[in-house]
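Novice: Sequence below, structure please.
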Amino acid sequence: MTPEDILSEPLLERIRGRAAGYDRDNAFCHEDLAELAAAGYLKVFVPASEGGLGLGLAEAAQLQRRLATAAPATALAINMHLVWTGVARVLAARGDASLDFVLQEAAQGELFAFGNSEAGNDAVLFDSRTAAVPQPGGGYSFTGRKIFTSLSPAWTRLGIFGKDASARNGEGELVHGFITRETPGYEVLADWDTLGMRASQSNTTVLDGAVVPPERIFRKLPVGPNADPLIFAIFACFETLLAAVYTGMGERALTLGVDAVKRRTSFKNGGRSCAQDPDIRWKVAEAAMAMDALYPQLARVATDVDELAEHGSQWFPKLVGLKVRATETARTVVDLAIRVSGGSSYFRGSELERLYRDVLAGMFHPSDDESAHNTVANAWLGPVETP
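Specialist: Numbers count the residues shown, from 1 in each chain. Next comes the predicted model:
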């Protein structure tokens, strides 16, 4: 089954046709989500034996890359569901069945979202500002504020985590679980009024004593970096699928730039095509070469996850390096596409104008530029020595 079989051209064009309206109205991509669900797209990682597509991360990344060429904000929103289902698949492939219920519920039509990000928490998955308080019977109540909760209007299952400060002799413990849409004790704020990626509706979620029952608590980890397979699975799926979205954005920008250059003519050169201008040709070539370097990196990293490759301490550098390469390359290519397309791309409503705003979100996703470079430097040079 090819990406074209799952994301057909007619479906992709309908999604592309709605993207500008969602952006203009700051509206959630309800119609896109419904059509993608009907096409089986939300069951990419669900085993075929349970009615899913049974695909791996490499195939899912190519699908997300293709979807992002039509609607980056929709692809970014869908990413969150695919990350959780992808994490379940990555764990299962390594003999860990702790999230098999995620795949089972996805097969039944449940929609998963990520409620992990917190303002001011640059420790990301290794600490939390959300309080997880033990309850009688083994559950936990969660109180805190989660930002960038994509799929806010539609999720039915929200993965959250917080810190039980009393655990492990006062050192604290990070508790992971899922709430449902019906769980009391949370509020979704209507605060997603952003520069770009508007259709994702990644609103803030305020947890105010939301209780996760014991059967929905799936991990308790020490504070700080650790080698638990869950951490690897989240990083592997999050960074790879995120990179796929931004690769698709760069791909679309290059296509739009080439089309614009072929349409434009030069008045001072007697109506000659701008495709003959050496400076414009150089910029198009620069964009194309940047994209050519990104495609194999995305494919290799995703395939290595699927094939259980052993990279040891180099795994995290590979993952964060891919994310930074994809987001920065996409930003460069969008900029070059605008430069060769002329002033029309500066007008509100042009696709390149929207891509220019959307692509800026890449710098805010974890791992950020500083964290990624620190991860890679530590892997190659060791940690910085204290005086």
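
Novice: In contact with the residue nearest the centre of the chain, which residues?
Specialist: In the chain, the centroid-proximal residue (CA atoms, centre = their mean) is residue 242; its distance is 3.6 Å. Shown in contact with residue 242 (CB atoms under 8 Å, 6 or more residues apart in numbering): 76, 79, 323, 326-327, 365. Just so you know, the C-beta spots here come from the backbone N, C-alpha and C atoms, and that holds for glycine as well.

Novice: That one sits in which helix or strand?
Specialist: helix 229-263 (DSSP states H and E).

Novice: ok, now residue 320?
Specialist: Residue 320 belongs to helix 315-341, assigned by DSSP H and E.

Novice: now the helix holding residue 242: mean pLDDT?
Specialist: In this model, helix 229-263 carries a mean pLDDT of 97.

Novice: so it versus helix 315-341, what angle?
Specialist: Interaxial angle, helix 229-263 versus helix 315-341 (axes from the mean of the first three to the mean of the last three CA atoms, to 10 degrees): 20 degrees.

Novice: Outside of the worst-scoring helix or strand of the chain on mean pLDDT itself, list whatever touches it.
Specialist: Scoring the helices and strands of the chain by mean pLDDT, DSSP states H and E places strand 265-266 at the bottom, with a mean of 75. Surrounding strand 265-266, the residues in contact under the criterion CB under 8 Å, 6+ apart are 271-274, 277.

Novice: Can you report how many residues lie near residue 292?
Specialist: By other CB atoms under 10 Å, 9 other residues sit near residue 292.

Novice: Any buried residues in the strand or helix carrying it, and which?
Specialist: Using DSSP H and E, residue 292 falls within helix 278-306. For helix 278-306, burial by neighbour count (16 or more other CB atoms under 10 Å) applies to 280, 283-284, 287, 290-291, 294, 297-299, 301-302, 304-306.

Novice: And for stretch 221-232?
Specialist: Residues 221, 223, 228-232 are the ones in stretch 221-232 that count as buried (16+ other CB under 10 Å).

Novice: and of the residues you listed, the nearest to residue 5?
Specialist: residue 232 (30.5 Å; CB to CB).

Novice: which ones are touching that closest one?
Specialist: Residue 232 touches 90, 315, counting by CB under 8 Å, 6+ apart.

Novice: rerun at 10 Å
Specialist: 87, 90-91, 94, 305, 315-316, 319 (CB atoms under 10 Å, 6 or more residues apart in numbering).

Novice: Return a PyMOL selection command for the buried portion of those.
Specialist: In PyMOL, a selection of the buried entries from the contacts of residue 232 looks like this (16+ other CB under 10 Å):
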select buried, resi 87+90+91+305+315+316+319
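
Novice: Low-confidence ranges, the chain, go.
Specialist: Within the chain, no range satisfies pLDDT under 70.

Novice: immediately after the helix or strand residue 187 falls within, which helix or strand?
Specialist: In the assignment (DSSP H and E), residue 187 maps to strand 186-188. Later in the chain than strand 186-188, the nearest helix or strand by DSSP H and E is strand 203-212.

Novice: Kindly provide the distance from residue 107 to residue 368.
Specialist: Separation of residue 107 from residue 368 (CB to CB, to the nearest Å) stands at 35 Å.

Novice: same for the strand holding residue 187, what does it pack against?
Specialist: strand 140-149, strand 157-164, strand 203-212 (3 or more CB pairs under 10 Å, 6 or more residues apart in numbering; DSSP states H and E).

Novice: any idea which of the ones you listed is most buried?
Specialist: Among the helices and strands packed on strand 186-188, strand 157-164 has the highest mean neighbour count (mean count of other CB atoms under 10 Å), at a mean of 24.

Novice: next SSE after it?
Specialist: Strand 157-164 is succeeded, C-terminally, by strand 173-180 (DSSP H and E).

Novice: Can you give the distance of that next one from its chain's centre?
Specialist: With CA atoms, centre = their mean, to the nearest Å as the basis, strand 173-180 stands 20 Å off its chain's centre.

Novice: closest to residue 200 among the contacts of residue 232?
Specialist: When those are ranked by distance to residue 200 (CB to CB), residue 87 comes first, at 19.3 Å.

Novice: I'd guessed that closest one sits against residue 239; true?
Specialist: No. Contact criterion CB atoms under 10 Å: residue 87 and residue 239 do not qualify, at 12.0 Å.

Novice: what domains does the record give for the protein?
Specialist: 3-110, 113-222, 229-381 (automatic domain parsing).

Novice: Can you lay out those as JSON lines showing distance to residue 387?
Specialist: Output for these, formatted as JSON lines (distance: least, CB to CB, whole Å):
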{"stretch": "domain 3-110", "distance to residue 387": "40"}
{"stretch": "domain 113-222", "distance to residue 387": "23"}
{"stretch": "domain 229-381", "distance to residue 387": "17"}
